[in-house]
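Undergrad: Pasted the sequence and its predicted model underneath.
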Amino acid sequence: MARLIVTVFVTMDGVVQAPGGPGEDEDAGFEHGGWQVPYVGDDFMALMVDIFERTADHLLLGRKTYDIFAGYWPKVTDENNPIAVRLNAMPKYVASRTLSNPLEWHNSHLLEGDAAESVARLKEQLDGVIMTQGSSDLIHTLQRHDLVDEYRLLVNPVILGTGKRLFAEGAAPTAWTLTESRTAGPGVQYSVYRRAGKPEYGTFLLDDEE
């Protein structure tokens, strides 16, 4: 059975919308597209290369992120670009009710029907690691149905105050264990959280204070 990992660029206030550039995702009038770019350095890129080459076997995307990726990465044919080489070759799965087969990007497969049910089946059918990137609407669906096994968060030192958030109302209550943490570029904090079961609860109050 495959593990499902969410790798995501996120601001300090939890925004994940349009990190890569203006016009990437302007839903709800979002005006801050490209907020990730000033924080991308050599360390950051080395980390992303490692993630794609070493720990991602399959890519899972929502419709909007798939369109962005499919419009860019197939055009990057430089064999010295390890991310492009890996993305263009690896199996890609798209959860969408509006796309239709055949998908043009090499080795892309459409998941039909309910997204949560399709992804749950995919996890059972595959081995290794399924990685989701971008795809905030799909991530919210995965969170509601408790399908995420690990988060790889790249937290950027910026607050935007508006935009789509990583976590939305209705996410399944889950506890996580921090397994790795380091800086990755100018001020970017990379943290890996692995599923640890259900949350535990306690109280700071003493018995005579209740």
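TA: Here it is on my side, so go on. Only a predicted model underlies this, so the values are computations on that prediction, with no experimental measurement involved. Numbering: from 1, shown residues only.
Undergrad: If I look at Glu209, what pLDDT would I see?
TA: At Glu209, the pLDDT value in this model is 56.
Undergrad: Arg97 too?
TA: Confidence score, pLDDT, at Arg97: 85.
Undergrad: quick one: what helix or strand has it in it?
TA: Element membership of Arg97, judged by DSSP states H and E, is empty: it is in no helix or strand.
Undergrad: And for it, the neighbour number?
TA: Neighbour count of Arg97, defined by other Cβ atoms under 10 Å: 11. Backbone N, C-alpha and C define where each C-beta goes, glycine included.
Undergrad: what about Ile68, how many neighbours?
TA: For Ile68, using other Cβ under 10 Å, the count is 18.
Undergrad: Let me know the secondary structure of it.
TA: Recorded secondary structure, Ile68: helix (DSSP: H, G, I helix; E, B strand; the rest coil).
Undergrad: Show me the strands in this structure, by range?
TA: 3-11, 58-62, 92-95, 108-111, 129-133, 150-156, 176-183, 189-195 (DSSP state E).
Undergrad: Reformat these as TSV; add mean neighbour count and distance to Ile83.
TA: Output for these, formatted as TSV (neighbours: other Cβ atoms under 10 Å; distance: least, Cβ to Cβ, whole Å):
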stretch	mean neighbour count	distance to Ile83
strand 3-11	21	12
strand 58-62	24	11
strand 92-95	23	14
strand 108-111	18	17
strand 129-133	22	11
strand 150-156	20	14
strand 176-183	12	20
strand 189-195	17	16
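Undergrad: Reformat those strands as TSV; add distance to Gln143.
TA: Shown next, in TSV, are those (distance: least, Cβ to Cβ, whole Å):
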stretch	distance to Gln143
strand 3-11	9
strand 58-62	13
strand 92-95	14
strand 108-111	17
strand 129-133	11
strand 150-156	10
strand 176-183	12
strand 189-195	12
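Undergrad: Among those, which comes closest to Ala168?
TA: strand 3-11 (13.2 Å; Cβ to Cβ).
Undergrad: Show me what that closest one is packed up against.
TA: helix 115-125, strand 129-133, helix 136-144, strand 150-156 (3 or more Cβ pairs under 8 Å, 6 or more residues apart in numbering; DSSP states H and E).
Undergrad: between these, which gets nearest to Thr77?
TA: strand 129-133 (20.9 Å).
Undergrad: what's the angle from that closest one to strand 58-62?
TA: 30 degrees (axes from the mean of the first three to the mean of the last three Cα atoms, to 10 degrees).
Undergrad: Pull the distance from strand 129-133 to the chain's centre.
TA: 7 Å (Cα atoms, centre = their mean, to the nearest Å).
Undergrad: Kindly provide the distance from the spatially most central residue of the chain to Tyr151.
TA: By Cα atoms, centre = their mean, the chain has its centre lying nearest to Gln133, at 3.1 Å. According to Cβ to Cβ, to the nearest Å, Gln133 and Tyr151 sit 12 Å apart.
Undergrad: Can you give me the neighbour number for Gln143?
TA: Neighbour count of Gln143, defined by other Cβ under 10 Å: 18.
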